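# sequence and computational prediction follow.
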Amino acid sequence: MGVDYKPVIWNRNKYMYDAVLLIAVASYIYLYIRVGVNFQDSSQPIERPIMRMRAFGSCAFLMLSFILCIGPLARLNEKFLPLLYNRRHFGVLTACVAAVHANYVLGWYYAFSPTNKYEALFSSNTNFDQLLGFPFEAFGIFAFLMLLILAVTSHDFWLSFLSAPIWKRLHMGIYFGYASVVLHISLGPLQTDRDPVFAIVFFTSVFAVSILHFIVAMKDRQADSMFVREPNPGDDTPWIEVGQVSQIENKRAKIVSLPDEERVAVFRNGNTLSAVHNVCAHQNGPLGEGKIVDGCITCPWHGFQYNPEDGRSPAPFEEKIATYRLKLEAGTVYVDPRPLAPGTYVEPTLIGDAYV
Amino acid sequence: MAAGVVAMVGIGDGQGVKILKKGARKFHRRVWGFFGILLPLIVLGAIYIKQSPPTDYQPVLLEAPKEN
């Protein structure tokens, strides 16, 4: 079976991103194992394999928390957008670190079981009816499987093979994976570890992820209710008011929500205006939060580009998005909420000299 | 329509086209409207039920069984 896709090409930024990531992870593991040992309770020394297990486990948790913070941070402040650029590699590395943690767990707690270590993992604790002593490993297994599936399907091949909507839905499963990690730690190590620093770092991380996503979710809800513009009565075309042309910064867009809660990005490119669907065909990135670079609308997430006039990606890429008709009356921009077929050319709306 | 479903929408009078709907945004909003409150509560609850080891017990010296 052949799937036609064009992989995103490696560039200097990606190499730098990955190098920083690898150095940070290696430093964390080294410091945890080599330096952290000096801070442990000398009356209860921790075995080396347990130390490594904790180092990789805590590293995977912190990495996953950080990954989940990148999305909302980038929505709240565009300075964080560079972190989003290569987030997939971050996720794959997290899955690898979690795999090392799982391997240490199996090697230390289950290797000497009279039964197969995998069988022992599932059968050694079956106290599902009690909270304290609950087999928290189950949550860890679920989260690890989720990370593994997402890491394996993170490549652009799978994006093309599954299609963007299905791929996106699958990868939103990470939210449930994270909830599972939180339960895994809450009912496992948090119950046995006496170090208050651990509990503080854990709670702070979970709180940061939760509050950031919560704020973005609420802002999104607010935006939908605020931006809906009702059609002008007495007009065959249900034109919807976007706002004053002077409110749209050059090379930038104004996002407007339609009555069906779809969003349209109205871009200003010099003295012309064009409108496209706000959702990038690659990974549903918010195009209206991007800008026009070299004459093309550029997605703020991964740099996918589209011509403002027809919503088509420049060759050799073949992505295309829906376009919308615009009109300008007395300095006010209106959009026809009915989307045109993706890739349909729409003559850019000229802005008169009075509004430039 | 179920949350998280990326719908294909069609509009009449000759302009009917299929575009990605706002499913992902709506799904995120619903999930984090719930998780945003639930996850910190889970952690606080876990800290609350955490049991400390007894502090008033004298240490007991364990000896290896004597060989007969």
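Now that the structure is in, tell me what you want to look at.
# okay, residue B:46 and residue A:191: tell me how far apart.
Distance of residue B:46 to residue A:191, computed by CB to CB, to the nearest Å: 7 Å. Where C-beta positions appear, they are placed from N, C-alpha and C, glycine not excepted.
# those two: who's more crowded?
Neighbour count, other CB atoms under 10 Å in any protein chain shown: between residue B:46 and residue A:191, residue B:46 has more, with 21 against 18.
# grab the most central residue of chain A for me.
When CA atoms, centre = their mean is applied to chain A, the residue found nearest the centroid is residue A:71 (4.6 Å).
# which of the helices or strands spans residue A:26?
Residue A:26 belongs to helix A:12-30 when elements are defined using DSSP states H and E.
# for that helix, give the mean pLDDT please.
Averaging pLDDT along helix A:12-30 gives 92.
# report the buried residues of it.
Buried residues in helix A:12-30, defined by neighbour count with 16 or more other CB atoms under 10 Å in any protein chain shown: A:17, A:18, A:21, A:25, A:28, A:29.
# ok, now stretch A:102-111?
For stretch A:102-111, burial by neighbour count (16+ other CB under 10 Å) applies to A:102, A:104, A:105, A:106, A:109, A:110.
# which of these sits closest to chain B?
Within the buried residues of stretch A:102-111, the smallest distance to chain B is 19.5 Å, found for residue A:105 (CB to the nearest CB).
# the closest one and residue A:45, how far apart?
The value you get for residue A:105 to residue A:45, if CB to CB is used, is 19 Å.
# one more: residue A:155?
43 Å.
# neighbour-wise, which of the two wins?
Higher neighbour count among residue A:155 and residue A:45: residue A:155, with 14 against 11, using other CB under 10 Å.
# what about the more buried one, distance to chain B?
Look at residue A:155 and chain B: by CB to the nearest CB, to the nearest Å, they are 20 Å apart.
# residue A:302 too?
Residue A:302 is 15 Å from chain B, where distance means CB to the nearest CB.
# next up, identify which helix or strand the nearest residue to that residue once chain neighbours are set aside is on.
With CB to CB, 6 or more residues apart in numbering or on different chains as the criterion, residue A:302 has its nearest non-adjacent residue at 5.9 Å, and that residue is residue A:282. For residue A:282, there is no enclosing helix or strand under DSSP H and E.
# how far away is residue A:282 from chain B?
Distance, residue A:282 to chain B, by CB to the nearest CB: 11 Å.
# give me the neighbour count for that residue.
20.
# and the pLDDT at it?
pLDDT for residue A:282: 80.
# how about residue A:263?
At residue A:263, the model reports a pLDDT of 87.
# against chain B, how distant is it?
Taking CB to the nearest CB, one finds residue A:263 at 7 Å from chain B.
# tell me what that residue is bridged to.
residue A:257 (DSSP bridges).
# residue contacts, it?
Going by CB atoms under 8 Å, 6 or more residues apart in numbering or on different chains, residue A:263 touches A:227, A:255, A:256, A:257, A:277, A:278, A:279, A:286, A:288, B:22.
# ok so, going back, among the buried residues of stretch A:102-111, which ones are in helices?
A:102, A:104, A:105 (DSSP state H).
# isn't residue A:126 up against residue A:135?
Yes - assessed by CB atoms under 8 Å, residue A:126 is found in contact with residue A:135 at 6.7 Å.
# and residue B:59, what's its pLDDT?
69.
# grab the nearest non-local neighbour of the residue of the stretch 151-300 of chain A at minimum distance from chain B.
The minimum distance from the stretch 151-300 of chain A to chain B, using CB to the nearest CB, falls at residue A:214 (3.0 Å). Of all residues not flanking residue A:214 in the chain, residue B:36 sits nearest, at 3.0 Å (CB to CB, 6+ apart).
# doesn't residue A:210 make contact with the one you found?
Yes - between residue B:36 and residue A:210 there is a contact at 4.5 Å, judged by CB under 8 Å.
# which one's more surrounded, these two?
residue A:210 (23 against 20).
# quickly find the element holding that one.
Counting by DSSP H and E, residue A:210 is found in helix A:196-227.
# buried ones in that helix, by neighbour count?
Under the neighbour-count criterion of 16+ other CB under 10 Å, helix A:196-227 has A:199, A:202-203, A:205-214, A:216-217, A:220, A:224, A:227 buried.
# now do stretch A:339-349
Buried residues in stretch A:339-349 (16+ other CB under 10 Å): A:339, A:340, A:342, A:343, A:344, A:346, A:348, A:349.
# same check on stretch A:147-157?
A:147, A:148, A:149, A:150, A:151, A:154, A:156.
# restricted to helices, list those residues.
Short answer: those in helices (DSSP H) are A:147, A:148, A:149, A:150, A:151, A:156.
# now render the residues you listed as CSV, adding pLDDT.
Output for these, formatted as CSV (pLDDT from 0 to 100):
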residue, pLDDT
A:147, 96
A:148, 96
A:149, 96
A:150, 95
A:151, 95
A:156, 79
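# what is the nearest of those to residue A:171?
Proximity of those to residue A:171 (CB to CB) peaks at residue A:150, which lies at 5.7 Å.
# against residue A:252, how distant is the closest one?
Residue A:150 is 33 Å from residue A:252, by CB to CB.
# again with residue A:77
Distance, residue A:77 to residue A:252, using CB to CB: 16 Å.
# between these two, which one's more packed in?
Just comparing residue A:77 and residue A:252: by other CB under 10 Å the higher neighbour count belongs to residue A:252, 16 against 9.
# can you name the residues that contact that one?
Contacts for residue A:252 (CB under 8 Å, 6+ apart) come out as A:267, A:268, A:291, A:292.
# just list whatever residues bridge to the third one.
So that's residue A:291. Counting by DSSP bridges, residue A:291 is bridged to residue A:298.
# isn't it right next to residue A:251, touching?
Yes - counting by CB under 8 Å, residue A:251 is a contact partner of residue A:291 at 5.0 Å.
# give me the more crowded residue out of these two.
Counted by other CB under 10 Å, residue A:291 and residue A:251 do not tie: residue A:291 has more neighbours, with 19 against 16.
# now the strands for chain B?
B:8-9, B:19-20 (DSSP state E).
# among the ones you listed, which gets the worst mean confidence?
When I compare those, strand B:8-9 is least confident, with a mean of 30.
# now residue A:308: closest residue in space, sequence neighbours ignored.
Distances taken as CB to CB, 6+ apart put residue A:274 closest to residue A:308, at 3.7 Å, once the chain neighbours are dropped.
# for the one you found, phi and psi?
Main-chain torsions, residue A:274, degrees, to the nearest 10: phi -140, psi 150.
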